[in-house]
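> test case, fold it:
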Amino acid sequence: MKRISQISIICFLTLILFNCNSSKQQKKESNRKQPNIVFIFADDLGWVDVSTGNTNKNNGSKIFETPVIDKLATQGMSFTNAYTNQNCAPSRAALISGQYATGLDNQVYNVGSLKRQDKRTKGFPNVLIEPHKQKKVIAEEGINMFDVLKTKGYQTALVGKSHGTPHPLKGDYGIDLPADIHHIIAAPINGKRTKSFYLALNSDKKGWTFNSEFVDKYANPYDDEYINTTLKPYQSQGNLELLKGTPKHLTDAIGDFSVDYIKEKANNENPFFLYVPFHAVHSDVTGRKDLTEKYAKRGLNPRVAEYASMIELLDQNVGKINDALKDPNGDGDFSDDITNNTIFIFYSDNGGLRENNPLKGKKGNLTEGGLRVPLIFRYPDVIKENSITNQAVHCIDFLPTLADLAGVDVTTLKKKDGSKPKYDGVSFAKVLTGKAKRISRDNLFWHLPGYMDERFSPTTLIQTRVGEEYFKLFYFYETEAFEMYNITKDISEKRNILKNPSSKEMEIALQMNADMLAWLKTNNAPTGTWVKNKEKVPYPKVEGVKKYQQ
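Below is the predicted model:
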């Protein structure tokens, strides 16, 4: 009897303790302010270009050093199957609009046009299909990612590359502070027009400049004060003395602008959304002198040393921005730390410029090397530390995901004409918070109704999850040919399944064929016209993959 009483008391005390902890957690969650959001969007940074293995299935770089990004990966969730589009503008357009290129408010398929000249022939070759004419920027009247967050009072800023949106960044895009900058700087020096990649110029008219009203105040050359206070904390075996008196690098200037923005907005009543689309490591690759020398001394050829320098310079500026969250006013006292109430995102706009082994291809390709990129989300006490997921996500998914995390119901939104915006993305917020392993969507799509030099011709691609495996099915309009790969078992896309498909693989191929056709029809996806007769290029045939059946 006495033992039963003891057990009852223990159970009672345990219940009280559980309820207390539960109440504390609920109070902690209820007291959490609406999160700030810092979104770092790298340019042309490949899946294997970071040294962490969390984002790339332990294929981290052994050459390039990214200690800040590596640490960030241990503090949040890494995605091994994060996707974008094949190059800059369509990725940014999809990210900001929440739509595929086929979406009403998007329509951006490629950088420039879908008739990019073929470098092999020194001109545009004789092609079979006249490409679709795309738009260059997303529609102002759409309810984009910035607009969505502003419905919850967010202060919004962009500093860096505007692509998929106009440059200069004018118009109604929901961006309170549109600090877009080009990485090519031109200015008259001693009366002669001079051009620079990434490095500030000493203009006859403006003095030191990046040709930006927002960022020019950070354009002065490197001096002792800047080197000692800003750069030394991130020094990594480079000789900072080499920088004294040399032109400021645009990547550092964007980082400095971001730090000051955080300092200004940290204690405001309303949360902020800081979108930082860096130009690094986009060509023409121009590193920072100290870091370039560091890698050159290791025996890397000049081109690779510059590339490595740009990657580490990007990493250092991710560090500067992250540290600004810990100490917004920079006084060394961390009582004003806003890290715990900030969603921090690191992502890249497309595959790397160089080799992406074990992935096939690079920027501009629809193979994994052109589309798969690093992605990390950190949100302390909400996203589990050092967690990894292989859930496939795409640019289009960020708008609904950030809306969920900020408490916006996108189904209630309306455009100026009273119509409801239609988003193609799916929120992966529950994957981030650990409430779900998977999102409900099984298919992702890429549709390119034209040409990009030698890197792609008119193509539709579907990626499908079957159980725990991902498959890709390509359809090439010029030849009416299909190719299929199991990228879970064959990450390098070496075995075209359709050359010798099993009955199960053919079953999957037929379903993917049907899903691809249904998506094309539903979205009224353009295909261009045949040059020979000006007729519309048809969609893939129903059960077209059957011709490969054994």
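
> for this protein, what helix or strand is lowest in average pLDDT?
Ranked by mean pLDDT, DSSP states H and E, the weakest helix or strand in the chain is helix 2-31, scoring a mean of 48.

> show me where the chain has helices.
When secondary structure is read from DSSP state H, the chain shows helices at 2-31, 67-75, 88-97, 145-150, 224-226, 250-265, 289-296, 302-326, 368-371, 398-406, 429-432, 503-522.

> now those as CSV including mean neighbour count and distance to Gly418?
From N, CA and C alone the C-beta is placed, and that goes for glycine too. Shown next, in CSV, are the helices of the chain (neighbours: other C-beta atoms under 10 Å; distance: least, C-beta to C-beta, whole Å):
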stretch, mean neighbour count, distance to Gly418
helix 2-31, 10, 35
helix 67-75, 20, 42
helix 88-97, 28, 19
helix 145-150, 22, 15
helix 224-226, 13, 51
helix 250-265, 22, 33
helix 289-296, 22, 53
helix 302-326, 22, 39
helix 368-371, 26, 36
helix 398-406, 22, 20
helix 429-432, 21, 28
helix 503-522, 17, 23
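
> who wins for proximity to Lys384 among these?
Closest approach to Lys384 among those (C-beta to C-beta): helix 429-432, 8.8 Å.

> now that closest one: how far from the chain's centre is it?
Centroid separation for helix 429-432 versus its chain: 17 Å, with C-alpha atoms, centre = their mean, to the nearest Å.

> tell me the helices and strands packed up against it.
When contacts are defined as 3 or more C-beta pairs under 8 Å, 6 or more residues apart in numbering; DSSP states H and E, helix 429-432 packs onto helix 398-406.

> pull the residues that contact the helix it packs on.
Outside helix 398-406, the residues within contact range by C-beta atoms under 8 Å, 6 or more residues apart in numbering are 34-35, 37, 95-98, 144-145, 148-149, 152, 154, 271, 343, 379, 409-410, 423, 425-429, 432.

> just to revisit the earlier point, let's have the helices of the chain in CSV, adding distance to Leu473.
Formatted as CSV, the helices of the chain follow (distance: least, C-beta to C-beta, whole Å):
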stretch, distance to Leu473
helix 2-31, 43
helix 67-75, 31
helix 88-97, 20
helix 145-150, 30
helix 224-226, 52
helix 250-265, 39
helix 289-296, 40
helix 302-326, 33
helix 368-371, 14
helix 398-406, 25
helix 429-432, 24
helix 503-522, 4
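
> out of those, which comes closest to Gly450?
Of all the helices of the chain, helix 88-97 comes closest under C-beta to C-beta, at 11.6 Å.

> quick one: the closest one to helix 398-406, angle?
30 degrees (axes from the mean of the first three to the mean of the last three C-alpha atoms, to 10 degrees).

> dump helix 88-97 to PDB, keeping only the CA atoms.
What follows is helix 88-97, C-alpha atoms only, in PDB (Å, rounded to 0.1, in the frame of the first residue of the first chain):
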ATOM      1  CA  CYS A  88      20.100  33.600 -62.700                       C
ATOM      2  CA  ALA A  89      17.000  35.500 -63.900                       C
ATOM      3  CA  PRO A  90      14.500  32.600 -64.000                       C
ATOM      4  CA  SER A  91      15.600  31.400 -60.500                       C
ATOM      5  CA  ARG A  92      15.100  34.900 -59.000                       C
ATOM      6  CA  ALA A  93      11.800  35.400 -60.900                       C
ATOM      7  CA  ALA A  94      10.500  32.100 -59.600                       C
ATOM      8  CA  LEU A  95      11.700  32.800 -56.100                       C
ATOM      9  CA  ILE A  96      10.100  36.200 -55.800                       C
ATOM     10  CA  SER A  97       6.900  35.400 -57.700                       C
END
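
> low-confidence ranges in the protein?
1-32 (pLDDT under 70).

> and stretch 262-276, how far apart are its ends?
Length of stretch 262-276, first residue to last, C-alpha to C-alpha, to the nearest Å: 12 Å.

> next one: that stretch to chain centre, how far?
With C-alpha atoms, centre = their mean, you get 21 Å for stretch 262-276.

> what sits against the closest residue to Glu478 other than its chain neighbours?
Nearest non-adjacent residue to Glu478, counting by C-beta to C-beta, 6 or more residues apart in numbering: Leu128, 4.9 Å away. Neighbouring residues of Leu128 by C-beta under 8 Å, 6+ apart: Glu478, Trp530, Val531, Lys532.

> cheers, nothing more for now.
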